[in-house]
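Novice: Build the 3D model from these lines:
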Amino acid sequence: MKEKKKIILIPYPAQGHVTPMLKLAAVIAGLGRFQPVVLTPEFIHRRISPRIHGVLCLPLPDGLDGGTPPPDFFAVERAMEEAMPPALEELLLREMAGGVACVVADLLASWAVEVARRCGVTVAGFWPAMHATYRLVAAIPHLVRTGVISENGCPRNPSDPISLSSQDPILTTNDLPWLIGSSKARVSRFKFWTRTIERSKTLQFLLVNTFSEGSESIMQQSNKFDSQDSPRILEVGPLIMQAATTSGTTFWEEDTSCLDWLDNQNVGSVMYISFGSWVSPIGEAKVRALASALEASRRPFIWVLGPAWHRGLPDGYTTRVAAHGRIVQWAPQLEVLRHPAVRCYLTHCGWNSTMEAIQCKKPLLCYPIAGDQFLNCAYIVNSWKIGVKIERFGIEDIDNGIRKVEDQKFRGRIEELNEKLFGKEGSSKAMANLSTFITEINT
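Specialist: Numbering: from 1, shown residues only. Coordinates of the predicted model:
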């Protein structure tokens, strides 16, 4: 039997990027034409042990010491630009010579685009977030040219509005995804993004973990900010979200005992709280404020809070709230959100979390922190109207937010969005898009 050609998939090494890439690999494996191989840097490969039928997971040397805490953004960037390219080149030219049909590179791992081209291998991009976020980043040249931001990515006027199209919610320049950390860090992140967009210009395809966010015309006509070099966008989000993967895909051990705790709560009584894994959460002062509000409200809750942030909790807190609250280091999020006891989700508005909330029909209390979360929040609150944004963690802010999302209008809208995304039509479009991609690289 002739050995299948391989599709090499390379995610950016963060949980919110590795998870959807593994799901994409699972979908490709299910189609049966190619052998998907997911490559992650050694420091990630040591932390996960995915067991996905038909998917091979291999490590790439990264030059990192693999200690704790895990490497920061800039250490990972150095590893991707210096240590990982020669390892991938060796793999493509010698170990898998002639046996690779395509490399699918996360755009944030754009170093792999350059390596694949040098090796003469077809390369496609993968965007694990919302298509609108890609359009915002792709608009960088336009924003610089029109003076909205400087050549270093700094806003000229933080209150300046930005609108990608008439169907998109309005943002301000304070919401740009590279504005994280110190001034020096922001400039470095902006250079990372500009390099990413430059490398992706000549990609033929970009597989996007999204669905049509607004009017179909957003996808059907060129955005006024896009260049003619933009790749063809293929939305595959519904397929990825519904892909079944097995255990071993998360970087942290999940505390499944919280599911037993949920079984003992009343239907629709629990607030689930998680601010994700990508950047440092909300800070000690805000941890303390939220903790006090949750204690005073007496509402049942599950709160995902890593051990490094427990010091923000008041003394004796976990004991005092034990009757109505549960704090865990990491949770099986999709299973928690599916549980009938969960009423709503207080979230940072990360894209995977947003998609999972829609999948499980849970309204959102939004507290964006960084990156694409502000744009996601704008869609959640202003376009889709399936959540509300809260500005503070006072008890009145939390209670008012919960009361608002209890309105039946929220439930009706999230059910409509769920059907659009996960119903027959959404899944059929996503499968057609993926089939187009598979057919093109198979010819």
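
Novice: ok, which stretches of the stretch 201-350 of the chain are helices?
Specialist: Remark: helices assigned in the stretch 201-350 of the chain by DSSP state H, counting those that start in this stretch are 217-220, 237-242, 257-263, 284-297, 317-320, 333-338.

Novice: Packing partners of the fourth one?
Specialist: Just to be clear, that refers to helix 284-297. Packing contacts for helix 284-297, counted by 3 or more Cβ pairs under 8 Å, 6 or more residues apart in numbering; DSSP states H and E, involve helix 317-320, helix 395-405. From N, CA and C alone the C-beta is placed, and that goes for glycine too.

Novice: Return the set of buried residues in the first one.
Specialist: Of the residues in helix 317-320, those scored as buried under the neighbour-count criterion (16 or more other Cβ atoms under 10 Å) are Y317.

Novice: Please pull out the lowest mean pLDDT helix or strand from this structure.
Specialist: helix 217-220 (a mean of 40; mean pLDDT, DSSP states H and E).

Novice: Just to check, R33 is in contact with F437?
Specialist: No: R33 is beyond contact range of F437, at 11.1 Å (criterion: Cβ atoms under 8 Å).

Novice: who has more neighbours, the two?
Specialist: F437 (21 against 15; other Cβ atoms under 10 Å).

Novice: A strand includes that one, no?
Specialist: No: F437: not assigned to a strand; according to DSSP: H, G, I helix; E, B strand; the rest coil it is helix.

Novice: how much space between it and I7?
Specialist: In this view, F437 and I7 are 10 Å apart by Cβ to Cβ, to the nearest Å.

Novice: so can I have JSON lines of the helices and strands packed on helix 284-297 showing mean pLDDT?
Specialist: Compiled in JSON lines, the helices and strands packed on helix 284-297 are given as follows (pLDDT from 0 to 100):
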{"stretch": "helix 317-320", "mean pLDDT": "91"}
{"stretch": "helix 395-405", "mean pLDDT": "92"}
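
Novice: Out of those helices, which gets nearest to D160?
Specialist: Across the helices and strands packed on helix 284-297, the minimum distance to D160, taken as Cβ to Cβ, is reached by helix 395-405, at 27.6 Å.

Novice: what's next to the closest one, contact-wise?
Specialist: By Cβ atoms under 8 Å, 6 or more residues apart in numbering, the residues outside helix 395-405 that reach it are 271, 290, 292-294, 296-297, 299, 343-344, 346, 363-365, 387-388, 390-391, 410.

Novice: Just the buried residues from those, in ChimeraX please.
Specialist: Buried members of the contacts of helix 395-405, defined by 16+ other Cβ under 10 Å, are picked up in ChimeraX with:
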select :271,290,292,293,294,297,299,343,344,346,363,364,365,387,388,390,410
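
Novice: Now do T443: how many residues are near it, please.
Specialist: T443 sits with 4 neighbouring residues when counted by other Cβ under 10 Å.

Novice: now do R189
Specialist: 21.

Novice: ditto for the one 4 residues further on
Specialist: For W193, the neighbour count with other Cβ under 10 Å is 20.

Novice: does it sit in a helix or strand, and which one?
Specialist: Assigned by DSSP states H and E, W193 belongs to helix 183-200.

Novice: Run through the neighbouring helices and strands of that helix.
Specialist: Against helix 183-200 (3+ Cβ pairs under 8 Å, 6+ apart) you get helix 73-78, helix 111-118, helix 131-138, helix 140-145.

Novice: buried sites along it?
Specialist: The neighbour-count check on helix 183-200 (16+ other Cβ under 10 Å) flags R186, V187, S188, R189, F190, F192, W193, T194, T196, I197, R199, S200 as buried.

Novice: Hmm, F126 and the last one touching each other?
Specialist: What it means is S200. No: with contact defined as Cβ under 8 Å, S200 does not reach F126; the gap is 10.4 Å.

Novice: shared neighbours, these two?
Specialist: In contact with both S200 and F126: L107, L206, using Cβ under 8 Å, 6+ apart.

Novice: What is the neighbour count of D372?
Specialist: By other Cβ under 10 Å, 25 other residues sit near D372.

Novice: I'd like the numbering to begin with 264 instead of 1 from here.
Specialist: With the count now opening at 264, the last piece we talked about shows up as D635.

Novice: Leaving out chain neighbours, which residue sits closest to it?
Specialist: Once flanking residues are discounted, D635 sits nearest to T396: 4.3 Å by Cβ to Cβ, 6 or more residues apart in numbering.

Novice: With N639 instead?
Specialist: Closest to N639 by Cβ to Cβ, 6+ apart is C612, at 4.3 Å.

Novice: Now render the helices of the stretch 464-613 of the chain as TSV, adding distance to T706.
Specialist: As requested, those are arranged in TSV below (distance: least, Cβ to Cβ, whole Å):
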stretch	distance to T706
helix 480-483	24
helix 500-505	21
helix 520-526	46
helix 547-560	53
helix 580-583	59
helix 596-601	36
